[in-house]
Structures are given as C-alpha cells and as structure tokens.
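[1] no sequence on hand, only this structure:
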Ligand code: TYM
C-alpha cells in the first residue's frame, strides 16, 4: 500500500515569523521525527502563491531558496527518502490542475473565504489571484493525494474548501481524488486540541502576519534574539495581574504568551498560572531568545549545495507523481482519451 501523505506549504514573500514556525513548520518536523518511514512528507514553497499580495518580485527567487533553508534549520531531515521539498512553480501540473478545478469551484464559496475578505475582498482592484488562491491550494493538495495538512488556524477554511471540492468532483467523476481529513482529525493528528493561531504581540486580537506591517508585534525567525526578547517584554496584556488560566476571547495577549511558551517548551515544569505578568514575560522572552539563537546557528550551517541537489531531485520526482494525477483528471474530464 502507498504511504499516506502529509503535506504543507509556506509562501515565501518574506522571511518566516514565529507564527509560521509554530503553526506549520514545527508540526511537520515533529511528524517526521515521530513517524519517520511511515508517511510521505511533502513540504514545499508555493512560490506562485507568493504574489497574491504585492511583493518585491526582484527578491522572490532568492527569498524562496532562503526559506527552503529554514526547513532544514528547523530540523527537517532532507535525507529521508520519503520527504520531498520543492517549489510549486517548478511543477506545471499545479497550474494546470488549478484551471480544471476552477471550473468546478463556486464564485460564492470563494467570496466567503475569510482570508480573501480580510486582505481586501471588497476592493475593486484586489487581484484575481488572491480570490483564486484557495483553488491553487486545493491543486497543491489533491495532486499528491494528501490526507494530512498541518496548517495554522487561518488556513483551515481552505482545507475545508479542498475537501468540499474533492468530494464534489468525486461525486461527478468517480473516485478521482483522495479527500483530506476534516479539521478535527487534522488537529488530533498533530497532537493539538485545536489549530494554532499565534497572535500579534501588539494587537493580540489579530494573528501574527507577514502581510501586515507590525514589526513590534511580529517575531521574525531572523530577528536579533535580544530584540525579540524586548518585543516579548513589551507585549500587550490586560489589566489583571496574575496569569491564571487565560482564554483567547477575554485575555488574548496573555493567552498568546502562554501558548508560545507551551509550544516552544512543551516539557517545561514552569507553573505559569501562579506567575505575575512580569515573570511570565521574563520566562517567555528567555525561551524565545534561546530558540532564536539555536535556530539561527543552524540556519547559518545549512549546506546550500546539498539543499539544491535534493531540491532538484525532488522536483523531478514530485513532477512525475503530479503528472500521473493530472493525466487521470484530464482523462476523467474528457481532455484525453480514457
Ligand atoms: P502562509 O504562507 O500565509 O502561511 C504559512 C503557514 O503558516 C501558518 N501561519 C500561522 N500559524 C499560526 N499562527 C499564525 N499567526 C500564522 N500565520 C501563518 C499558516 O496557517 C500556514 O500553515 N495558502 C497558504 C500556503 C499554501 C498551502 C498549500 C498550505 C499553499 N498551498 C497547500 C498547505 C497546503 C498560505 O498562504 O500560508
């Protein structure tokens, strides 16, 4: 039997931040450590997605390579034969399948996507790419028959959309696609009670984001560790004094710091609930600074040539898998003889 596929993608329109790391990169690295050999792992850069919002195109190519290095620095073992790293635009089947899927996706369901609405859905000049990107994301997933998609909370709606679309097409043409698991099972699979949403340190009602200009609220993985610690020390909290048991509804700033602590230091024995805010910030600032120091040391050591060799080999291998699915779909919809 073929191995089940775990797949995730991260746009490289800028450096990654702590939200990207905790929401998507860490779960993939943990999956690989926990289940080496049992699953196929696809971790890729959706470079075509990277300009659904405006970017400096002159930097995209280098940024993509730089961000691939982050996967290795975060602990992904690229020597595992079942682990694939690749760039979306190097595998044309992603774009081709997107067009076919487009013709089965509904304008109404795409208009309701929260990410689209948040990033300017009401604006006349919003790009069609931003509107359409959940369909490209569905192609990314369906081409490889991925069942498990570790993503942060903001991308869950797109995974649900992928499920709906796959089931709709399967109903029409027979079992063409593997349908990804639902959100509850996805969270359970990565060992979390719910999908992760790291908040801005300054505006904790909003997510930490690379599309929003919020340097004091965002910890980039390349931030100087001391500067990052300062950002934690000046994070917005609330007017209570003790940590207690904060929830995201009423005390998002404190809940965010507790969440960062739990994810970066799962084995810690610290009793946070008894702490003052000052003590909580001291502890989290240290954990974050130590994490960044270690991460950045590993990033500087990534062997670029080894990465490129693996990347090129994987792009050939994944092209073959993607093309097989594409041909199957082309036959089903009548573009090729069956
Ligand atoms: P992107 O590039 O915006 O984000 C990459 C990953 O980081 C997660 N993330 C967060 N998690 C927790 N807290 C945050 N504040 C936070 N900010 C970002 C995102 O949920 C995501 O998992 N469309 C996708 C990329 C994509 C993809 C795919 C993902 C394209 N094709 C196929 C999975 C499967 C995106 O724009 O993510």
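    Thanks, I have the structure now. What you are looking at is a predicted structure, and each value in this text was computed from that prediction instead of being measured.

[2] for residue 157, give me its contacts.
    Under the criterion of C-beta atoms under 8 Å, 6 or more residues apart in numbering, the neighbours of residue 157 are 113, 114, 115, 134. Glycine gets a C-beta too; all of them are placed from N, C-alpha and C.

[3] now what about stretch 170-181, what contacts it?
    Taking C-beta under 8 Å, 6+ apart as the rule, stretch 170-181 contacts 5, 104, 141-142, 145-149, 159, 162-163, 166-167, 169, 186, 189, 328-329, 332-333.

[4] one more time with 7 Å
    Taking contacts as C-beta atoms under 7 Å, 6 or more residues apart in numbering, the residues outside stretch 170-181 that touch it are 141-142, 145-149, 159, 162-163, 166-167, 169, 328-329, 332.

[5] which one of the contacts of residue 157 is nearest residue 222?
    residue 115 (24.7 Å; C-beta to C-beta).

[6] hmm, that closest one is touching residue 154, no?
    Yes. If you go by C-beta atoms under 7 Å, residue 115 and residue 154 touch, sitting 6.2 Å apart.

[7] let me know the pLDDT of the residue of the stretch 101-250 of the chain found nearest the ligand.
    Here the residue of the stretch 101-250 of the chain nearest the ligand is residue 152; by C-beta to the nearest ligand atom that distance is 2.1 Å. On pLDDT, residue 152 comes in at 94.

[8] list the contacts of it.
    Applying C-beta under 7 Å, 6+ apart, the residues contacting residue 152 are 19, 23, 24, 195, 196, 197.

[9] what sits against the second one?
    So the one you mean is residue 23. So, once contact is read as C-beta under 7 Å, 6+ apart, residue 23 ends up touching 151, 152, 196, 198.

[10] cool, and the last one?
    Contacts of residue 197 were listed using C-beta under 7 Å, 6+ apart, and they are 152, 153, 154, 207.

[11] before we move on, what about the fifth one?
    With contacts defined as C-beta under 7 Å, 6+ apart, residue 196 is in contact with 22, 23, 152, 153.

[12] and it, which of the three is it?
    coil (DSSP: H, G, I helix; E, B strand; the rest coil).

[13] now it. Nearest residue, chain neighbours left out?
    Leaving aside its chain neighbours, residue 196 sits nearest to residue 23 (4.7 Å; criterion: C-beta to C-beta, 6 or more residues apart in numbering).

[14] confirm that that neighbour sits in a strand.
    No. According to three-state DSSP, residue 23 belongs to no strand; its state is helix.

[15] and the stretch 201-338 of the chain, which of its residues are near the ligand?
    207, 208, 209 (C-beta under 6 Å from any ligand atom).

[16] which one (most neighbours) among these?
    residue 208 (27 neighbours; other C-beta atoms under 10 Å).

[17] which among the contacts of stretch 170-181 end up buried?
    141-142, 145-149, 159, 162-163, 166, 169, 329, 332 (16 or more other C-beta atoms under 10 Å).

[18] which of the residues you listed sits closest to residue 88?
    residue 141 (11.6 Å).

[19] in this structure, which spans are strands?
    For the chain, the strands defined by DSSP state E cover 5-9, 40-45, 83-87, 146-148.

[20] out of the ones you listed, which comes closest to the ligand?
    Of all those, strand 5-9 comes closest under C-beta to the nearest ligand atom, at 3.4 Å.

[21] can you check what angle separates the closest one from strand 83-87?
    30 degrees (axes from the mean of the first three to the mean of the last three C-alpha atoms, to 10 degrees).

[22] mean confidence (pLDDT) on strand 5-9, please.
    98.

[23] that strand near the ligand at all?
    Yes. For strand 5-9 and the ligand, the contact criterion (C-beta under 6 Å from any ligand atom) is met by 7, 8, 9.

[24] quick one: low-confidence ranges for the protein?
    By pLDDT under 70, the low-scoring segments of the chain are 1.

[25] surely residue 154 is in contact with residue 113?
    No. Using C-beta under 7 Å, residue 154 makes no contact with residue 113, being 10.4 Å away.

[26] sorry, back to before: from the buried ones among the contacts of stretch 170-181, which land in helices?
    141, 142, 159, 162, 163, 166, 169, 329, 332 (DSSP state H).
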